[in-house]
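# Attaching a predicted model along with its sequence, questions to come.
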Amino acid sequence: MKGAVKPQEVRRGANSGAPRHSNSGRQQAKQPALESSGGEIDDDTAVSVMRAYEEDTAINIKRSYEVEEVVSDAIIEGRQHFEIQWRGFSIEHNTWLTKDDMEVQHPQALAKYLKALGKSKADISKFYRLLRDAKGPPISIVNTVDEVGCPENFTYINQNIYSDEVPRPCTPMFWCECTNGCRDSCECTKERNYDNRGLLLSVGNERIVECGPLCKCGDNCVNRVVQKGSKVVLELRRYPYKGWGVVTKNRLKKGTFVAEYVGEVITSDEAESRGFKDKPQGETYLFDLDQEFVNDACDFSIDAKTHGNISRFFNHSCSPNMNTRSIYIEHRDPRLHRLAIFTTRDVKAGEELTIDYSPAAVEGESVKGDPCHCGSSKCRKFMYF
């Protein structure tokens, strides 16, 4: 169990069957803060979406184009719109059409999408309610595979919560007196973490120390990235054989901050107990806070089974495009560091975001590991927890 998350989708994970939404040969559009037809989107987003739609010169919808796929839907200015992926065109040329236009121009594509959407629309609306209640990030949700929706007894949270047995971190970090950003000589940035674009400079396992709440450098300091939250537009997507996964709708540069792994912080003893109970059902979502310790020893773990955010749904891959880093913002207690997730290479829009939850595994090592079906050409065949 040490040093790994064990989500249900990881144990099930497979690419052995052809998913209805395959990553190959297809990309998703960059989509701002949208909701499904279960709710409204904000006015600014509606305006920006409609402007992009109206100003799109690459595709003239008056001409005849073939629909590759209806990607998603949203309520924009009180009317239902559908995002269209055009056959032979890249994601930048996706456009939005009203339901009336779809019924006239592309009735078969509309009927296919609505039929698939009807399988789990009620469950997806529960997902959106959780996001709204938590004031979560703009995440679109797509399930055209089965009737599985929001996990039972799941609460969406934006930051860690702590069980009664876990001490609250209270040791404040030192602070700097810099103004208008940190100077090169500042103690906070002597080990520079980010470039001027907010991209991580190193994709190793070194810890990250950001400027804290007492620092005088200001909100625009280059050393404040994770604390500002992710700017990545994500989609929660259901896959055949693999369950829920997360797709980026943006192109991402190497070193982009994607999400923080959050959940309930519990003691290692409690984590052992929960892991023993939940593993037979393949429902463990434990991540040990051991990145500052040797021999995988740790005092606390994060459990995202019942309380978590979008990172709970990241699937495993033996060739991942992200990894986790320990990060300190409010304090420097190594037992209670936070977990930030960054890309380790450039990632295409429409690509699934994955983590290697079993990096210590050795191919063919032991039958004690769970079979891995991530589909990577470098798949190690087993996962070890």
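Received it, and whenever you're ready, just let me know what you need. Residues are numbered from 1 along each chain as shown.
# give me every residue that touches residue 159.
Residues in contact with residue 159 (C-beta atoms under 8 Å, 6 or more residues apart in numbering) are 260, 262. (Each C-beta comes from the backbone N, C-alpha and C, glycine too.)
# Return the backbone torsion pair for it.
Per-residue torsions, residue 159: phi -150, psi 160 (degrees, to the nearest 10).
# Tell me which stretches of the stretch 101-250 of the chain form helices.
Per DSSP state H, counting those that start in this stretch, the stretch 101-250 of the chain carries helices over the ranges 107-117, 121-133.
# could the ones you listed go into TSV alongside mean neighbour count?
Shown next, in TSV, are these (neighbours: other C-beta atoms under 10 Å):
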stretch	mean neighbour count
helix 107-117	15
helix 121-133	17
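# got any ranges where the stretch 201-350 of the chain has weak pLDDT?
In the prediction, the stretch 201-350 of the chain carries residues with pLDDT under 70 at positions 280-282, 294-296.
# Which parts of it are strands?
Applying DSSP state E, counting those that start in this stretch to the stretch 201-350 of the chain gives strands spanning 208-209, 234-239, 243-248, 257-260, 264-267, 286-288, 300-303, 307-308, 315-316, 322-328, 338-343.
# a markdown table for the helices of the stretch 101-250 of the chain, including mean pLDDT and distance to residue 145?
Shown next, in a markdown table, are the helices of the stretch 101-250 of the chain (pLDDT from 0 to 100; distance: least, C-beta to C-beta, whole Å):
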| stretch | mean pLDDT | distance to residue 145 |
| --- | --- | --- |
| helix 107-117 | 82 | 8 |
| helix 121-133 | 77 | 12 |
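# Present these as JSON lines; the columns should include distance to residue 325.
As requested, the helices of the stretch 101-250 of the chain are arranged in JSON lines below (distance: least, C-beta to C-beta, whole Å):
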{"stretch": "helix 107-117", "distance to residue 325": "37"}
{"stretch": "helix 121-133", "distance to residue 325": "25"}
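# for the strands of the stretch 201-350 of the chain, which one sits closest to residue 105?
Across the strands of the stretch 201-350 of the chain, residue 105 has its closest neighbour in strand 234-239 (24.8 Å, C-beta to C-beta).
# Next, the angle from that closest one to helix 121-133.
Inter-element angle recorded for strand 234-239 and helix 121-133: 150 degrees (by axes from the mean of the first three to the mean of the last three C-alpha atoms, to 10 degrees).
# What is the neighbour count of residue 378?
Look at residue 378: counted by other C-beta atoms under 10 Å, it has 9 neighbours.
# With residue 102 instead?
Counted with other C-beta under 10 Å, residue 102 comes out at 22.
# Now do the contacts for the closest residue to it other than its chain neighbours.
Counting by C-beta to C-beta, 6 or more residues apart in numbering, residue 110 is the residue found nearest to residue 102 once chain neighbours are left out, at 4.2 Å. With contact taken as C-beta under 8 Å, 6+ apart, residue 110 is in contact with 70, 82, 99, 102, 103.
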